[in-house]
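>>> generate coordinates for the sequence data below:
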Amino acid sequence: MTTPLVQLTFALQSLDDPMSAAMSHTMEYENLSVQANALHAITLQCDLPDAVHEGDVISLSATHPSARGAQYFTENIITQADLERGYVNLTLNKIAHSQCFVMQLMLHGKYATLKNSLQFDMNIDAFEGGYNAPLINIEQSKPQGLRRYFAGVGSTFLSLF
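Numbering: from 1, shown residues only. Purely as a prediction, here's the structure:
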């Protein structure tokens, strides 16, 4: 299994550490970009913070800047294996278009309380032409009005006898 190229963390950088402050300055202008794979999905690896517990929910949503609702969404319930490993992989599926998204990473605790959140911009590049939903051929039903009418009249006529 290949490891994701993008690793996310909830940890804030320290302003006291001069190296960390320099990194935050350069990262402010860095454009985060991810290429979807042949399955039209992207996988991001998220380091778990210290405050996470088994049963907490970590979610990732991707929203177009001019939209209200998320176009892509995934969530993962934290297990003991995740805690021991120290990270979870979050996968967004069916990537249809190449565009820039506002990503929101959230950690919810017991009773859906928000424990931590992170927001950042990411450019997602779709694989080749992007995901196209398979066409489902739905047969058009034939009008049954006249047939239903005669069946109703026939059953009424038979009920008289």
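
>>> tell me if residue 83 really is in a helix.
Yes - using DSSP: H, G, I helix; E, B strand; the rest coil, the secondary structure at residue 83 is a helix.

>>> tell me the pLDDT of it.
Note for residue 83: predicted pLDDT of 93.

>>> I figured residue 118 hits residue 47, correct?
No - judged on CB atoms under 8 Å, residue 118 makes no contact with residue 47 at a distance of 11.1 Å. C-beta here means a position set from N, CA and C on the backbone, and glycine is covered the same way.

>>> those two: which has the busier surroundings?
Remark: of residue 118 and residue 47, residue 118 carries more neighbours, 16 against 13, as counted by other CB atoms under 10 Å.

>>> what's the distance between the more buried one and residue 98?
According to CB to CB, to the nearest Å, residue 118 stands 23 Å off from residue 98.

>>> longest strand in this protein, please.
strand 114-125 (DSSP state E).

>>> tell me the buried residues in that one?
115-116, 118, 122, 124 (16 or more other CB atoms under 10 Å).

>>> that strand - contacts with which helices or strands?
strand 33-35, strand 99-108 (3 or more CB pairs under 8 Å, 6 or more residues apart in numbering; DSSP states H and E).

>>> if we go to 10 Å?
strand 7-9, strand 33-35, strand 42-47, strand 57-63, strand 99-108 (3 or more CB pairs under 10 Å, 6 or more residues apart in numbering; DSSP states H and E).

>>> looking at the ones you listed, which is nearest to residue 148?
Evaluated over the helices and strands packed on strand 114-125, closeness to residue 148 peaks at strand 57-63, with 46.9 Å, by CB to CB.

>>> list the buried residues of the closest one.
Those would be 58-63, for strand 57-63 by 16+ other CB under 10 Å.

>>> kindly report the same for stretch 94-108.
95-96, 101, 103-108.

>>> now stretch 86-100: average pLDDT?
Mean predicted confidence for stretch 86-100 is 89.

>>> got JSON lines for the buried residues of strand 57-63, with pLDDT and distance to residue 147 too?
Shown next, in JSON lines, are the buried residues of strand 57-63 (pLDDT from 0 to 100; distance: CB to CB, whole Å):
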{"residue": "58", "pLDDT": "92", "distance to residue 147": "55"}
{"residue": "59", "pLDDT": "91", "distance to residue 147": "51"}
{"residue": "60", "pLDDT": "91", "distance to residue 147": "52"}
{"residue": "61", "pLDDT": "91", "distance to residue 147": "49"}
{"residue": "62", "pLDDT": "89", "distance to residue 147": "49"}
{"residue": "63", "pLDDT": "89", "distance to residue 147": "49"}
